[in-house]
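[1] Sequence and predicted model, in that order:
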Protein chains: 2
Amino acid sequence: MKPQEASQCCGPIDEFLDAELFKALGEPTRLKLISCLAKCGRACSVTELTECCAVDFSVVSRHLGLLEKAGVLTVTKQGRTVFYEVRYKHLTEAFRALAKAIEGCRPKRGAAKA
Amino acid sequence: MKPQEASQCCGPIDEFLDAELFKALGEPTRLKLISCLAKCGRACSVTELTECCAVDFSVVSRHLGLLEKAGVLTVTKQGRTVFYEVRYKHLTEAFRALAKAIEGCRPKRGAAKA
DNA sequence: AGTAAGCTTGCACACTGACGCAAACATGCA
DNA sequence: TGCATGTTTGCGTCAGTGTGCAAGCTTACT
């Protein structure tokens, strides 16, 4: 199959190649925030999370908002405090599905040429 | 655990949160190239891949180089033609490992509070 | 009402990166 | 050697985005 043809047919992999998700993950400060949250294993406030990276408050707030929009975190408000938490299940399933889709594209040895 | 403490300890998840990889994947044109390559299931030349996306071939060349550097593709040269192919195994394992690491951070119900 | 804590938003700035064009480079063929 | 094919690289442009500061907003407390 030619790439031009392949690009027009929608394979199972397209569903999991989410540009927004990867873009959200492709920034060091955001990765640090995710790492912190994951290692904490609980919901954390913006103020708490600001202490773990060397940028301004407002920047952390924006990053967290973006990560929530990308489906990486969930947000809950409690009084004037905003808590963010990793969407463990969602992310785990998303990466497993992606791995499976990639694996499925891999040509098997000895397979008939389509 | 506080985020500030968590940020300083190196958990199993840090190993798999590769900013370079995610950054490479976080661009629509590059995702399209990967999708094409994966669905083709074989190595493709730069010229072939240029036909599947609406940008100049010099741009495609740069994208492919970047994806190779990020560990997404492998490159082989045959005469004056350059072939790129998806690193199926490598990517599959990377995403599975990431999924497992995230899952491992998830607090279990009824677990003792550390 | 007044004040403080927690967070978001507007603004300006610097930097990155995607892009197209043209030139250069490498290889194959006549 | 001369030319065509396939790819990379240099350069200028332009949009996007990460950042800090300051102001504004919401909630809690006195």
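    Nice, thanks for sending it over. Residues are numbered from 1 along each chain as shown, chains lettered A, B, ... in the order given.

[2] Contact distance from DNA strand C - what residues of chain A qualify?
    Residues of chain A lying close to DNA strand C by Cβ under 7 Å from any atom of the strand are A:45-47, A:57-58, A:61-62, A:64-65, A:75, A:80-83. Where you see a C-beta, it was placed from the backbone N, CA and C, and this is true even at glycine.

[3] Neighbour-wise, which one of those residues leads?
    Most neighbours among the residues of chain A next to DNA strand C, by other Cβ atoms under 10 Å in any protein chain shown: A:L64, with 25 neighbours.

[4] Which residue ranges of chain A form strands?
    Per DSSP state E, chain A carries strands over the ranges A:44-45, A:73-78, A:81-86.

[5] would you list those strands in TSV and tack on distance to B:C105 and mean pLDDT?
    Output for the strands of chain A, formatted as TSV (distance: least, Cβ to Cβ, whole Å; pLDDT from 0 to 100):
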stretch	distance to B:C105	mean pLDDT
strand A:44-45	13	98
strand A:73-78	13	98
strand A:81-86	7	98
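
[6] and DNA strand D, which of the residues of chain A next to DNA strand C reach it?
    On the criterion Cβ under 7 Å from any atom of the strand, A:F57, A:S58, A:R62, A:R80 are the entries of these that sit beside DNA strand D.

[7] separation between the closest residue to A:M1 other than its chain neighbours and A:L91?
    Closest residue to A:M1 apart from its sequence neighbours, by Cβ to Cβ, 6 or more residues apart in numbering or on different chains: B:C40 at 5.3 Å. In this structure, B:C40 and A:L91 are separated by 28 Å, where distance is defined by Cβ to Cβ, to the nearest Å.

[8] what does A:A101 give?
    16 Å.

[9] Tell me which of those two has more neighbours.
    Neighbours were tallied for A:A101 and for A:L91 using other Cβ under 10 Å; the higher tally belongs to A:L91 (23 against 19).
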